[in-house]
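Enquirer: Structure, please.
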Amino acid sequence: MSNTERKATQGMVKFVLTIFVVAMIVAVAYLAFFTPGVVEPGPPKSPTATEAASNRNEGWH
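Expert: I've put the predicted structure just below:
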């Protein structure tokens, strides 16, 4: 293995490890700062079209 190949290999390994470390930092930051904690209950949801249609047809047995 020549000196040039050794330098290229070390450079590629360093590049890949840098990308991996940055990705891990971004993942931890996302999980720590951008995921919701306790979610407040919202207003009641309106029925979907399928639920509304099935409720209308319940008496049509």
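
Enquirer: Tally up the residues packed near P44, please.
Expert: Other residues near P44 come to 6 when the count uses other Cβ atoms under 10 Å. Just so you know, the C-beta spots here come from the backbone N, C-alpha and C atoms, and that holds for glycine as well.

Enquirer: Also V13?
Expert: With other Cβ under 10 Å as criterion, V13 counts 10.

Enquirer: State the distance from it to I19.
Expert: 11 Å (Cβ to Cβ, to the nearest Å).

Enquirer: Ok, L31 next?
Expert: 19 Å.

Enquirer: any idea which helix or strand carries P44?
Expert: Using DSSP states H and E, P44 sits within no helix or strand.

Enquirer: repeat for R6
Expert: helix 3-33.

Enquirer: same question for that helix, mean pLDDT?
Expert: The average of the pLDDT scores along helix 3-33 is 94.

Enquirer: again with stretch 40-54
Expert: Stretch 40-54 carries an average pLDDT of 69.
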